[in-house]
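> sequence first, then the predicted structure:
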Amino acid sequence: MEIVHDQANLERYISEAVVVSGDSPVLLDSYLSGAVEIDVDAICDGTLVHVAGIMQHIEEAGVHSGDSACSLPPYSLSQDILVELKRQTEALALALNVVGLMNIQFAVKDGDIYLIEVNPRASRTVPFVAKAVRSPIAAIAARVMAGEPLSNFDLVDPASIKEFAVKEAVLPFARFPGVDTLLGPEMRSTGEVMGFDSKFHRAFYKAQLGAGTLLPISGKVFLSIKDEDKGPKLLEAASCLLELGFTLIGTRGTTSFLAKAGIDIAIVNKVYEGRPNIVDQIKNGDIALIFNTTSGTQAVNDSRSMRASALMDGVPYYTTLAASHAAAFAIKAHAEGDVGVKALQV
């Protein structure tokens, strides 16, 4: 699976990446750019439907759900969207005659809900949901499949959960030098961790720690952001980092956008623009954090050496705007007080 941005890349994909025949057709789907992805896990006994958990992905739709961080409960969806997601989940479960667990992936863009796929089975999200809502949903589903009605169980309403649980993917890039770290539609993670807290950004910070990413408390941050992401969320993230005392540097386009908004940021060369460039600064130990979002084949190729250098030198980096925004405010949440540890058994 691959996202292609133009005719030339489509032809390359068809000629190099797949073997096309009558038995192996190619499925083309339009790509919904900038949408929020949601996972919903539910249990149905054929009559009643229990929505066990609604998870909002932090990375945008297009990043494989197994590689995306997610939050339960959702951290920014409106109540109207949540009510409609629950209604659609119940309708789908009953229409498909599901008995047991079901997983649905939705996307939300501009207030519209899109259905990505429905899986009438347990998903990899079940262990996360069970821990987040503190309910043995796999055991309940197994008994439902054996004939017990949902009315026999003391079910936990996910809306009653006041703490945030954030799942983060564990990615094995450090073990595979030369592999591009850019996230996309093919799953690469080999595990996952989760963070709990009463505040979303503190839970996100804990999840980063669990995944082996130590977010910096000071230093120089490099920003290279695609045009589609140059908006309010980028301004918020950059302003947050400046308030915390970080120094900002960026590519010419990103620097121009932020400077026009009154944000103090200096220009650094891309690799092909000459030296000294961003890779030199990474190798010199000058960079503490990287926010890099990109689109288009040329831009992806131009920034690949930067991502490889960040990986080999252990510099935290984020390749989506949503995750970059969450990381900036997670650093702020950590700076405002001790993150703390809470026992799940309490």
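Received, thanks. Residues are numbered from 1 along each chain as shown.

> what is the burial count for residue 225?
24 (other C-beta atoms under 10 Å). No exception for glycine: its C-beta is placed from N, CA and C like everyone else's.

> what's the closest non-adjacent residue to it?
Excluding the flanking residues, the one nearest residue 225 by C-beta to C-beta, 6 or more residues apart in numbering is residue 254, at 4.8 Å.

> residue 153 versus the residue sitting furthest away from the middle of the chain, what's the distance?
What lies farthest from the middle of the chain is residue 147; by C-alpha atoms, centre = their mean that is 36.7 Å. From residue 147 across to residue 153, the span is 13 Å (C-beta to C-beta, to the nearest Å).

> just residue 187 next, same as before
32 Å.

> likewise for residue 201?
34 Å.

> can you pull the domain assignment for this protein?
According to automatic domain parsing, the chain comprises the domains 36-166, 217-335.

> got the end-to-end distance for the first one?
Counting by C-alpha to C-alpha, to the nearest Å, the length from the leading to the trailing residue of domain 36-166 is 16 Å.

> with stretch 216-226 instead?
24 Å.

> what does that stretch contact?
234, 238, 241, 244-251, 253-254, 257-258, 265, 268, 270, 278, 281-282, 286-295, 299, 303, 306, 316, 321, 331, 334-335 (C-beta atoms under 8 Å, 6 or more residues apart in numbering).

> the most centrally placed residue in the chain in helix, strand or coil?
What sits nearest the mean C-alpha location of the chain, by C-alpha atoms, centre = their mean, is residue 59, with 2.7 Å. Following DSSP: H, G, I helix; E, B strand; the rest coil, residue 59 is assigned to strand.

> do you know how far the residue nearest to it when sequence neighbours are not counted is from residue 106?
In this structure, residue 59 finds its nearest non-sequential neighbour in residue 68, 4.0 Å apart by C-beta to C-beta, 6+ apart. Counting by C-beta to C-beta, the separation of residue 68 from residue 106 is 13 Å.

> list the contacts of the nearest residue to residue 48 once chain neighbours are set aside.
Excluding the flanking residues, the one nearest residue 48 by C-beta to C-beta, 6+ apart is residue 150, at 4.5 Å. For residue 150, the contacting residues are 43-45, 47-50, 140, 144, by C-beta under 8 Å, 6+ apart.

> same thing but 10 Å
Going by C-beta atoms under 10 Å, 6 or more residues apart in numbering, residue 150 touches 43-50, 140-141, 143-144.

> which neighbours do residue 68 and residue 106 share?
37, 39, 57, 61.

> need these in JSON lines (columns: neighbour count, pLDDT and distance to residue 76).
Converted to JSON lines, the shared contacts of residue 68 and residue 106 look like this (neighbours: other C-beta atoms under 10 Å; pLDDT from 0 to 100; distance: C-beta to C-beta, whole Å):
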{"residue": "37", "neighbour count": "24", "pLDDT": "93", "distance to residue 76": "13"}
{"residue": "39", "neighbour count": "24", "pLDDT": "95", "distance to residue 76": "15"}
{"residue": "57", "neighbour count": "26", "pLDDT": "93", "distance to residue 76": "11"}
{"residue": "61", "neighbour count": "23", "pLDDT": "77", "distance to residue 76": "14"}
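
> quick one, strands of the stretch 101-250 of the chain?
112-119, 164-170, 191-197, 220-224, 247-250 (DSSP state E, counting those that start in this stretch).

> of residue 201 and residue 153, who's got more company?
residue 201 (22 against 18).

> send the alpha carbons of the helix or strand residue 85 falls within over as CSV?
Secondary structure from DSSP states H and E places residue 85 in helix 79-95. Only the C-alpha atoms of helix 79-95 are listed here, as CSV (Å, rounded to 0.1, in the frame of the first residue of the first chain):
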residue,chain,number,x,y,z
GLN,A,79,-19.9,15.8,21.7
ASP,A,80,-22.0,15.8,18.6
ILE,A,81,-19.4,13.8,16.7
LEU,A,82,-19.1,11.3,19.6
VAL,A,83,-22.9,10.8,19.7
GLU,A,84,-23.0,10.2,16.0
LEU,A,85,-20.0,7.8,16.1
LYS,A,86,-21.8,5.8,18.8
ARG,A,87,-25.1,5.8,16.8
GLN,A,88,-23.3,4.5,13.6
THR,A,89,-21.5,1.9,15.5
GLU,A,90,-24.7,0.5,17.0
ALA,A,91,-26.4,0.5,13.6
LEU,A,92,-23.5,-1.3,11.9
ALA,A,93,-23.2,-4.0,14.5
LEU,A,94,-26.9,-4.8,14.3
ALA,A,95,-27.0,-4.6,10.5
